[in-house]
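J.: Here is my input; please provide its structure:
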Amino acid sequence: MNYEESIAYLDSLGRFGIRLGMDRIKQLLFVLGHPENQIRTIHVAGTNGKGSVSSMITDILRHAGLHVGKFTSPHLVKYNERIQLDGEDIGDAEFAEVLTRVRGFADDLVKNGACEQPTQFEILTAAAFHYFALQHVDYAVIEVGLGGLWDSTNLIKPVVSVITNVALDHTKVLGKTLEEIALQKAGIIKEKVPVVTGAAGNALGPIQVMSAFKQAPLYVYGRSFHGEEITSSMDGQVFRLCAGTNYVSEYSIRLPGAHQIRNACVAIVAAKIVSKGDPRVTEADLHAGVAGTVWPGRLERILVRPDVILDGAHNPDGAQALRDALDKFYPGKPVHFVFGMMGDKAVSEVVRILIRPEDKVCTVRADDGPRAAEAVELANLIGPQARPFDDVGEAWDQALADAGSDGLVVVGGSLYLVGTFKGMLLRRSAS
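T.: Next up, the predicted model:
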């Protein structure tokens, strides 16, 4: 397949949706020669913060001069974003080559009756493992797609397991309570493999139980270590990482928001655990790595005067983090939202947390897929301060006009909307 054919193939697999289970990915990795066993990995699960933590760990390892892969989801504009090597997206030709090989094995398995058709995410997971093995990476940072226990990435035995946090999301699949969801995420915990988590409250119990059962050392944010804000703005933050009485050190990060201090602490502690078995990773790498991390689509400011922020907040926990940041960095300032969500998310709760009476909202479909909530439905839910638009470009133009040069525009509600928005900007710039 060429690149365009590879993308068409992946898009065709989208119709199979989410089908939890490990049989298909086990069969596929078996015929590929178990590439997941040929690389050292760091496994990252969690409701929110997976991408930020994965990127910070990756940047720490890269600053140590290591050859590092990263597998994340979803992508914003191109599938290539999901598979990175040393900070760069996989190239189109390499992507097509790897997908062609994986598809060939998958087609043979289905033809021979060994398993059902692998899902899109399973194909991409296998492709990432295969590519990283071919590239002989020193480490691959692997982000869980959904949950953990039954996720197709959960066939690795990592150097360290990370559970960023646990909040209500994907409740139809993972469970209705924090404890049920936490148990799914705790499924990535392996025998005697250290675990670092930012989970708290009722969600922590299942993680503690599973860690004890697996004899896995557990490091908990707020207990084993914590962060203390020193300075904070939209340009970045300085904080103090404290781990017991033996470790206190100041760090700088470019990612704004109080939640990113917690994420950075989790990433640093996870990388510190890696360094215990790999002296190539030094204290200096911890500092320099997180200092350079950027992560698109999460409190990403792309313009100043007016300030324009992109944030994929798609669940109540993410919406609260975004609202807290807006209140902190732009106190009292009305927000002009370009807003779209997936219809199967907790839309009413996100709207309640995120949107204030003084805000104005231009609602849009997050993307062209069947899951996206209709713009009219979102506007009706929000009320008279909201106006539906058929086109994200028109909504963007209206929000900019309403905000004026001193205003604040936020594009958010879904990472899929952020991707749609970035695609629109790219098309406009090209024309």
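J.: Give me the contact list for stretch 90-107.
T.: 1-3, 5-6, 9-10, 28, 31-32, 79-80, 83-84, 117-118, 123, 126-127, 130-131, 134 (CB atoms under 8 Å, 6 or more residues apart in numbering). Where you see a C-beta, it was placed from the backbone N, CA and C, and this is true even at glycine.
J.: cool, and stretch 25-39?
T.: By CB under 8 Å, 6+ apart, the residues outside stretch 25-39 that reach it are 69, 102, 105-106, 108-109, 114-115, 118, 122-123, 125-126, 129-130, 132-134, 137, 139-140, 152, 155-156.
J.: Please enumerate the helices of the stretch 151-300 of the chain.
T.: For the stretch 151-300 of the chain, the helices defined by DSSP state H, counting those that start in this stretch cover 171-174, 178-185, 204-213, 258-277, 283-291.
J.: Tell me which of those helices sits nearest to residue 55.
T.: Shortest distance between residue 55 and the helices of the stretch 151-300 of the chain, using CB to CB, is found for helix 258-277: 8.3 Å.
J.: quick check: angle from the closest one to helix 283-291?
T.: 150 degrees (axes from the mean of the first three to the mean of the last three CA atoms, to 10 degrees).
J.: Which strands or helices does helix 258-277 pack on?
T.: With contacts defined as 3 or more CB pairs under 8 Å, 6 or more residues apart in numbering; DSSP states H and E, helix 258-277 has these neighbours: helix 50-63, strand 160-163, strand 195-197, strand 226-233, strand 236-243, strand 247-253, helix 283-291, helix 316-329.
J.: quick one: the first one to strand 247-253, angle?
T.: Regarding helix 50-63 and strand 247-253, their directions subtend 100 degrees when assessed with the same axes, to 10 degrees.
J.: quick revisit: please dump the helices and strands packed on helix 258-277 into CSV; it should also carry mean neighbour count for every row.
T.: Formatted as CSV, these follow (neighbours: other CB atoms under 10 Å):
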stretch, mean neighbour count
helix 50-63, 27
strand 160-163, 30
strand 195-197, 29
strand 226-233, 14
strand 236-243, 18
strand 247-253, 15
helix 283-291, 19
helix 316-329, 20
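J.: Among these, which comes closest to residue 269?
T.: strand 195-197 (5.0 Å).
J.: May I have the strands that pair with that closest one, each with its orientation?
T.: strand 160-163 (parallel), strand 218-220 (parallel) (DSSP bridges).
J.: With distance to residue 265 added, can I get those strands in TSV?
T.: As requested, the strands paired with strand 195-197 are exported to TSV (distance: least, CB to CB, whole Å):
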stretch	distance to residue 265
strand 160-163	11
strand 218-220	10
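J.: Narrow the contacts of stretch 25-39 to those in helices?
T.: Using DSSP state H to define helices, the subset of the contacts of stretch 25-39 located there is 102, 105-106, 108-109, 122-123, 125-126, 129-130, 132-134.
J.: which among these gets closest to residue 319?
T.: For the ones in helices among the contacts of stretch 25-39, the minimum distance to residue 319 (CB to CB) is 28.5 Å, reached by residue 125.
J.: Setting aside sequence neighbours, what's the nearest residue to that closest one?
T.: residue 152 (4.5 Å; CB to CB, 6 or more residues apart in numbering).
J.: Make sure residue 302 is actually in contact with residue 310.
T.: Yes - Residue 302 lies in contact with residue 310 (CB atoms under 8 Å); the separation is 6.1 Å.
J.: So which of those two has more stuff around it?
T.: Neighbours were counted for residue 302 and for residue 310 using other CB atoms under 10 Å; residue 310 has more, 24 against 14.
J.: How much space separates the more buried one from residue 128?
T.: 25 Å (CB to CB, to the nearest Å).
J.: just residue 246 next, same as before
T.: Between residue 246 and residue 128 the computed distance is 37 Å (CB to CB).
J.: who has more neighbours, these two?
T.: Between residue 246 and residue 128, counting by other CB under 10 Å, residue 128 is the more crowded of the two (27 against 6).
J.: The more buried one: what's it in contact with?
T.: Here residue 128 is in contact with 69, 71, 82, 83, 140, 142 (criterion: CB under 8 Å, 6+ apart).
J.: Among those, which pair sits farthest apart?
T.: 82 and 140, at 12.5 Å, using CB to CB across these.
J.: ok, the two, which is more surrounded?
T.: Neighbour count, other CB under 10 Å: between residue 82 and residue 140, residue 140 has more, with 30 against 22.
J.: Can you check what pLDDT the model gives that one?
T.: Reading off the per-residue confidence, residue 140 sits at a pLDDT of 98.
J.: Against residue 130, how distant is the closest residue in space to it that isn't next to it in sequence?
T.: Leaving aside its sequence neighbours, residue 140 sits nearest to residue 69 (CB to CB, 6+ apart; 3.9 Å). From residue 69 across to residue 130, the span is 11 Å (CB to CB).
J.: domains for the chain, by residue range?
T.: 3-291, 300-430 (automatic domain parsing).
J.: Do I have it right that residue 160 meets residue 192?
T.: No - using CB under 8 Å, residue 160 makes no contact with residue 192, being 11.4 Å away.
J.: lowest-pLDDT helix or strand in this protein?
T.: helix 171-174 (a mean of 76; mean pLDDT, DSSP states H and E).
J.: can you list the contacts of residue 128 in JSON lines and add distance to residue 319?
T.: Converted to JSON lines, those look like this (distance: CB to CB, whole Å):
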{"residue": "69", "distance to residue 319": "31"}
{"residue": "71", "distance to residue 319": "26"}
{"residue": "82", "distance to residue 319": "24"}
{"residue": "83", "distance to residue 319": "29"}
{"residue": "140", "distance to residue 319": "31"}
{"residue": "142", "distance to residue 319": "27"}
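J.: Alright, that wraps it up for me.
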